[in-house]
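In: only geometry, no sequence info:
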């Protein structure tokens, strides 16, 4: 049965979108997903499902909307896709806790980096359905705004590595 990673947008970050991971786990189990594991409190869940990625996304978004009373964005990657995101990191020498992949539903447009604002010492590269950012001085000091990433959700390389391992069954 296919393994998936679901990444929720704006959950339990900066006081927004409170969602206990036990609730997220229960939603996934109620939806019929198997081998459900959440990872840290920022809206990461790994599971198996016979459904395709689009149906998994729709089912989770419907449950989350009912729970939160508003839309909650969900990005889905298969176990192979999350491993490929980790492998494709264009900044392997940068600190993994200061390097993120911003996950998008679709490929970023070729001109996605043209409208960036507030760039300082960040390095930025486009991925398949991600935008990678290495924050030179750290994320907390950054003023970087990437309009093409507005509907995405970011995870640092350490988190991606853990999710890839969980999805692989390690």
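Out: Thanks, I have the structure now. These numbers come from a predicted model, not from an experiment.

In: Now do the contacts for residue 135.
Out: Counting by C-beta atoms under 8 Å, 6 or more residues apart in numbering, residue 135 touches 98, 99, 100, 122, 142, 144. (C-beta placed from N, C-alpha, C; glycine too.)

In: swap the cut-off to 6 Å and go again
Out: Residues near residue 135 by C-beta atoms under 6 Å, 6 or more residues apart in numbering: 98, 122, 142.

In: Can you list the buried residues in the top helix by length along the chain?
Out: Counting residues, the longest helix found in the chain (DSSP state H) is helix 53-68. Buried positions in helix 53-68, judged by neighbour count with 16 or more other C-beta atoms under 10 Å: 53, 56, 57, 59, 60, 61, 63, 64.

In: any chance of those in a markdown table, with pLDDT and distance to residue 153 too?
Out: Formatted as a markdown table, the buried residues of helix 53-68 follow (pLDDT from 0 to 100; distance: C-beta to C-beta, whole Å):
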| residue | pLDDT | distance to residue 153 |
| --- | --- | --- |
| 53 | 95 | 16 |
| 56 | 96 | 16 |
| 57 | 96 | 13 |
| 59 | 96 | 18 |
| 60 | 94 | 13 |
| 61 | 93 | 13 |
| 63 | 92 | 17 |
| 64 | 90 | 13 |
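
In: one step back: check the offset of the longest helix of the chain from the chain's centre.
Out: Centroid separation for helix 53-68 versus its chain: 15 Å, with C-alpha atoms, centre = their mean, to the nearest Å.

In: Many thanks, we can stop here.
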